[in-house]
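[1] Dropping the sequence and predicted coords here.
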Amino acid sequence: MALTLDDVKRVAHLARIAINDEEARATHAQLGGIFDLIAQMEAVDISGIEPMSHAQDVVQRLRDDAVTETNQREPFQAVAPQVDAGLYLVPRVIE
Amino acid sequence: MQLATVKELSDGLAARKFSSAELVQFYISRINRLQNSYNCFISVDEARSMAQARAADALRAAGKAQPLTGVPVAQKDIFCTQGWLTTCGSKMLSNFVSPYDAHVIECFNRAGAVNLGKTNMDEFAMGSSNETSFYGPVRNPWDGERVPGGSSGGSAAAVAARLAPAATGTDTGGSIRQPAALTGICGLKPTYGLVSRYGMIAFASSLDQGGPMARSAEDLGLMLNVMAGFDARDSTSLQRASTDYLGQLARPLAGLRIGLPREFFADGVSPQVASAVDAAIAEYRKLGCTVVEISLPNMGLSVPVYYVLAPAEASSNLSRFDGVRYGYRAADYDNLEQMYERTRAEGFGAEVKRRILIGAYVLSHGYYDAYYIRAQKLRRLIAQDFAEAFKQCDLIMGPTTPSTAFKIGEKSGDPVQMYLSDIYTIAVNLAGLPGLSIPCGFDGGGLPVGLQVIGNYFSEARMLNAAHQYQLATDWHQRVPSGCE
């Protein structure tokens, strides 16, 4: 499962990180070494083992279906790059 | 004053030998004088710290003081702190003044502790040397040419250089224990779920855990008493009866069974680290402990497993940084997609981008089972190894790191070499177990060596007991870097 240069560009797009050809080549070279390390996982027989997603076997806690959050629009929008009239502004999406 | 432990400062404040305002002023002056030498702090806010100190003195005057009331504590810049710049070591959050407090910050505020400033760290806690910080590398107080470890490198160096009596850290693959070892201080990563992650900027949510960094095991216990506890806002916070982490400090160690994993003493460890750890084990024998050899056969897989799971979780967690609601936004873009892509390309550093790309790849269509699910299965094998080991012993001990502090720049060009510096700490996070590091000697160049103590789930009080008894018999934890006396 060798990682290709095209894979790097595809994944950068999926992750929404702009990358030029030169950066993609450098990244490709470094990720190669990391995926060689990761390939050590293939040497082990994993049949019959359940995946472990969490350290503790706990069930999801449920809370009461009640309003707990208070309106904090102003403090939250005070740290936003661009807001107007209580709305977050982004470039036009729908023409 | 800078040589006093948290316990001694707490006692001194209680005896009215000095006020919190005097104490905090002393530390702020010290930080201002030495910040350029070590680069431990990203932000210091003297006015806020002094206001907290005066409030602590007022609490004491009103008879409402608790053990940490008035004690200054440096906070890793990963903990959201209301009204303070909270950068996580990244350009992406270089303008982020948090509108709310992390649970851990609330805990220290309730205890009346004083925030001494926000400490430098690897960007988004991704690093083992503090070299990935947007705010520049931290220098190791034992040798300014060397790294302090990471990612909690600023916290570790601040405590080692006596710029703070104690600090907080977070540990996803060793980020409390490894820098503690490399700077000659003590650090504890608690059992996963013991300390709330609310407001602690997320890296890999199934592994991240906050914990204390200080100069003695007793101080770690004082800090953990404040930090641990249930918090409904973290869905993985555990509901348990409260524990006094100082409660077992005086317990004799006679009969304690220490397991030494043969994998920790194999080829990878430097001879000088191994000999310091051997000497520590000999000290434990003198204290009445028995030693058994154990095996963690899948430990060698922990680094590859970690570098699938942690980047996968990181790629998901860091998708929230898109330049819309907070943080950095690129200046030039023609449309929404360009805004996202340029914001993230400019706002994240090289190591963070590398890990996001690894994560996005292992989670992408067609690779999920081969990487992510396989890694989760191996994670279970690693956790089972520990469960087997704890049938034969009460605590596991070994080196925290394979070598002492390396030089700035030595490993920054080779990610795989950097990743391998966490080989002895990562498995503990994968299993969700508690681990701590305490100083146990020096190499020939005068650089500190750390002893790692790993316990079973929720055995922090016993681990601190073992560390405290060792510190009563030795003085490695009292050694001070030259220039910091």
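    All right, it came through fine.
[2] residues touching B:Val104, list them.
    B:Val104 is in contact with B:Gln75, B:Phe79, B:Thr168, B:Val195, B:Ser196, B:Gly199, B:Met200, B:Gly210, B:Met227, counting by Cβ atoms under 8 Å, 6 or more residues apart in numbering or on different chains. Placement of C-beta: from N, CA and C, glycine included.
[3] switch to 7 Å and redo it
    B:Phe79, B:Thr168, B:Val195, B:Ser196, B:Met200, B:Gly210, B:Met227 (Cβ atoms under 7 Å, 6 or more residues apart in numbering or on different chains).
[4] got it, and B:Gly211?
    B:Gly169, B:Asp171, B:Ile176, B:Gly187, B:Leu188, B:Lys189, B:Pro190, B:Val195.
[5] Please go through the contacts of B:Val104 and note which also touch chain A.
    Among these, no residue sits close to chain A (Cβ under 7 Å from any Cβ of the partner chain).
[6] Filter the residues you listed down to the buried ones.
    B:Phe79, B:Thr168, B:Val195, B:Ser196, B:Met200, B:Gly210, B:Met227 (16 or more other Cβ atoms under 10 Å in any protein chain shown).
[7] Backbone torsions only: list them for the fifth one.
    Geometry field for B:Met200 lists phi and psi as phi -100, psi 110, criterion degrees, to the nearest 10.
[8] For it, give its distance to B:Asp219.
    Plainly put, B:Met200 is 21 Å away from B:Asp219 if you go by Cβ to Cβ, to the nearest Å.
[9] cool, and the fourth one?
    Noted for B:Ser196: a distance of 21 Å to B:Asp219, by Cβ to Cβ.
[10] next one: the third one
    Applying Cβ to Cβ, the value for B:Val195 to B:Asp219 is 16 Å.
[11] Give me the residue at the spatial middle of the chain.
    Just going to use chain A. A:Ala15 (6.8 Å; Cα atoms, centre = their mean).
[12] You answered for a different chain; I wanted chain B.
    Taking Cα atoms, centre = their mean, chain B has its central residue at B:Ile176, 2.2 Å away.
[13] remind me, longest helix of the chain?
    As the question left the chain open, I've gone with chain A. helix A:21-38 (DSSP state H).
[14] not what I meant, chain B
    Chain B, longest helix under DSSP H: helix B:20-38.
[15] from the buried ones among the contacts of B:Val104, which two are the most distant?
    B:Thr168 and B:Ser196 (12.4 Å; Cβ to Cβ).
[16] contacting residues for B:Tyr457?
    B:Thr191, B:Leu433.
[17] how close does it sit to A:Gln77?
    42 Å.
[18] Looking at chain B, which residue is nearest chain A?
    B:Gly432 (2.2 Å; Cβ to the nearest Cβ).
[19] next one: phi and psi at the nearest residue to that residue once chain neighbours are set aside?
    Sequence neighbours aside, A:Ala55 is the residue nearest to B:Gly432 in space, at 2.2 Å (criterion: Cβ to Cβ, 6 or more residues apart in numbering or on different chains). Main-chain dihedrals, A:Ala55, degrees, to the nearest 10: phi -70, psi -30.
[20] In chain A, which residue sits closest to chain B?
    A:Ala55 (2.2 Å).
[21] quick one: A:Ser53 and B:Asp422, what's the gap?
    Following Cβ to Cβ, the distance that separates A:Ser53 from B:Asp422 is 21 Å.
[22] When those two are compared, which one has more neighbours?
    Per other Cβ atoms under 10 Å in any protein chain shown, whichever of A:Ser53 and B:Asp422 has more neighbours is B:Asp422, with 25 against 12.
[23] ok, and the closest non-adjacent residue to that one?
    B:Gly174 (4.1 Å).
[24] That neighbour should be in a helix, yeah?
    No. The assignment for B:Gly174 (DSSP: H, G, I helix; E, B strand; the rest coil) gives coil, which keeps it out of a helix.
[25] Look up which residues are beta-bridged to the closest residue to B:Gln35 other than its chain neighbours.
    Leaving aside its chain neighbours, B:Gln35 sits nearest to B:Phe41 (5.9 Å; criterion: Cβ to Cβ, 6+ apart). Under DSSP bridges, the beta-bridge partners of B:Phe41 are B:Thr119.
[26] Tell me how far B:Phe41 lies from B:Thr87.
    11 Å.
[27] Pick out whichever of the two has more residues nearby.
    B:Thr87 (28 against 25).
[28] Please verify my assumption that the more buried one contacts B:Ser98.
    No. Here B:Thr87 does not reach B:Ser98: they are 9.9 Å apart, not a contact under Cβ atoms under 7 Å.
[29] Could you list the low-pLDDT ranges of the stretch 151-300 of chain B?
    For the stretch 151-300 of chain B, no stretch is flagged by pLDDT under 70.
[30] Tell me which stretches of it form helices.
    B:153-160, B:177-183, B:217-227, B:271-286 (DSSP state H, counting those that start in this stretch).
[31] tell me how far the third one is from the chain's mean position?
    This points to helix B:217-227. With Cα atoms, centre = their mean, to the nearest Å as the basis, helix B:217-227 stands 14 Å off its chain's centre.
[32] got any ranges where chain A has weak pLDDT?
    A:1.
[33] What's the end-to-end length of stretch B:123-143?
    End-to-end distance for stretch B:123-143, by Cα to Cα, to the nearest Å: 23 Å.
[34] Name the residues of that stretch that are buried.
    Buried-residue list, stretch B:123-143, by 16+ other Cβ under 10 Å: B:123-135, B:137-143.
[35] where do the strands sit along the stretch 101-250 of chain B?
    With DSSP state E, counting those that start in this stretch as the criterion, the stretch 101-250 of chain B has strands at B:114-119, B:167-170, B:186-189, B:210-214.
[36] Out of these, which is closest to B:Ala232?
    Comparing the strands of the stretch 101-250 of chain B by Cβ to Cβ, strand B:210-214 comes nearest, at 16.9 Å.
[37] Measure how the closest one sits relative to helix B:153-160, angle-wise.
    On the basis of axes from the mean of the first three to the mean of the last three Cα atoms, to 10 degrees, strand B:210-214 is oriented at 30 degrees to helix B:153-160.
[38] so what strands line up beside strand B:210-214?
    Strand B:210-214 has these strand partners (DSSP bridges): strand B:167-170 (antiparallel), strand B:186-189 (antiparallel).
[39] Would you mind putting those strands into CSV with distance to B:Ile258 alongside?
    Listed next are the strands paired with strand B:210-214 as CSV, based on distance: least, Cβ to Cβ, whole Å:
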stretch, distance to B:Ile258
strand B:167-170, 25
strand B:186-189, 18
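[40] ok, back up a step: looking at the contacts of B:Gly211, which two lie furthest apart in space?
    B:Gly187 and B:Val195 (13.2 Å).
[41] pretty sure B:Phe406 is in contact with B:Gly149, am I right?
    No. With contact defined as Cβ under 7 Å, B:Phe406 does not count as touching B:Gly149 (9.1 Å).
[42] Would you mind listing what in the stretch 151-300 of chain B touches chain A?
    B:Tyr192, B:Gly193, B:Ser206, B:Ala232, B:Ser235, B:Leu238.
[43] Closest one to A:Gln82 out of these, please.
    B:Ser235 (31.7 Å).
[44] State the number of residues packed around the residue nearest to B:Lys189 when sequence neighbours are not counted.
    Distances taken as Cβ to Cβ, 6+ apart put B:Asp171 closest to B:Lys189, at 3.8 Å, once the chain neighbours are dropped. Look at B:Asp171: counted by other Cβ under 10 Å, it has 30 neighbours.
[45] residues touching the residue nearest to B:Gly432, list them.
    Neighbours of A:Ala55 in contact, by Cβ under 7 Å, 6+ apart: B:Tyr192, B:Ser206, B:Ala431, B:Gly432.
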